[in-house]
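S.K.: the sequence and its predicted three-dimensional model are supplied below.
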Amino acid sequence: MTLDVGPRSAPAPVAGGAAEWTPRVMPPIGRDLDDRQKLACAFRILGRTGFSENIAGHITVRVDGAEDLLINPWGLWWEEITASDICRVSPDAEVVDGKWDVTPAIHIHTELHRRRPDVGAVVHNHPYYATVLAALGVLPEFLHQTGSMFDGDLAFVDEYTGEVATADLGADLADRIGDKSVVLLANHGVIVTGPSVEEATYRAATLDRQCRLMYDVLVSGRDHTLVAPSLRRSMKASLLERGTDFFWNGAVRALLRDHPEVVDP
């Protein structure tokens, strides 16, 4: 005799994040890093992952307790930046400390930081697969659980306006970005923001892989499935609340083993 048990009842999803589980202790980096050292590490980590396009790109970090920003200098590749190369700029994009000039595109950052007190770090560059999707006018879909990191945060700026080299152009772009933290820019690249340089770096390093996954699925021409909206919030919490330190600490440990000069003597 066959027993009719009816449709399967799926168990309730877990809460995710720190509400679900928090590690007792994390393997440490092995040394303390100041803001300039962290930013230098962020450039090297993303440079190693292929996020940067040769001369392009910049990352800013809000200086603790001030409105000034730390940023990379003009003329150095991400893969060669050290902590002593980092420049400090005022909210009006004037270099107040540092031995080099900074990009005119600093206004992308000053205006976005001005409007977003929740943003501690802004990452901009032209990673390949994100740039492919930006040219196609396509945002990455939630094809994989890791993509849940970007749930509710994705946006597309659908007009290319050329080089963002003035405060007015930076303000216009910041207004278009609004409250989103991962934005593809048509025919240009991507902006990723976060409350800290650690989280912004983690999100940026993850984004281009998700864009590559989206591109490969599109090229396949096959039907595909998506992570259900009801499951994304808890997965996002787990990835960001538990995964940020995991990613950052490991990436910095690997970097310092290979390139200890990044933090300078």
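M.R.: Cool, got the structure.

S.K.: residues in contact with A204?
M.R.: Applying C-beta atoms under 8 Å, 6 or more residues apart in numbering, we find A204 in contact with L46, F51, V123, N125, P127, V190, V192. (Each C-beta comes from the backbone N, C-alpha and C, glycine too.)

S.K.: recalculate using a threshold of 10 Å.
M.R.: Counting by C-beta atoms under 10 Å, 6 or more residues apart in numbering, A204 touches 42, 45-46, 49, 51, 59, 121, 123-125, 127, 130, 182, 190-194.

S.K.: quick check on it: phi, psi?
M.R.: Comment: the main-chain dihedrals of A204 come out as phi -60, psi -40, following degrees, to the nearest 10.

S.K.: surely G189 meets E53?
M.R.: Yes - with contact taken as C-beta atoms under 10 Å, G189 and E53 are classed as touching, separated by 7.6 Å.

S.K.: so what sits against both of those two?
M.R.: Here G189 and E53 share the contacting residues N125, H126, P127, Y128, T131, scored by C-beta under 10 Å, 6+ apart.

S.K.: could you identify the most distant pair in the residues you listed?
M.R.: Longest distance between any two of these is 10.2 Å, between N125 and Y128; criterion C-beta to C-beta.

S.K.: buried stuff in stretch 82-92?
M.R.: T82, A83, D85, I86, C87, R88, V89 (16 or more other C-beta atoms under 10 Å).

S.K.: who touches both of N125 and Y128?
M.R.: Jointly contacting N125 and Y128 under the rule C-beta under 10 Å, 6+ apart are F51, E53, G189, D208.

S.K.: want to throw these into JSON lines with distance to S234, neighbour count and pLDDT?
M.R.: As requested, these are arranged in JSON lines below (distance: C-beta to C-beta, whole Å; neighbours: other C-beta atoms under 10 Å; pLDDT from 0 to 100):
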{"residue": "F51", "distance to S234": "27", "neighbour count": "25", "pLDDT": "95"}
{"residue": "E53", "distance to S234": "35", "neighbour count": "14", "pLDDT": "95"}
{"residue": "G189", "distance to S234": "30", "neighbour count": "20", "pLDDT": "97"}
{"residue": "D208", "distance to S234": "24", "neighbour count": "24", "pLDDT": "94"}
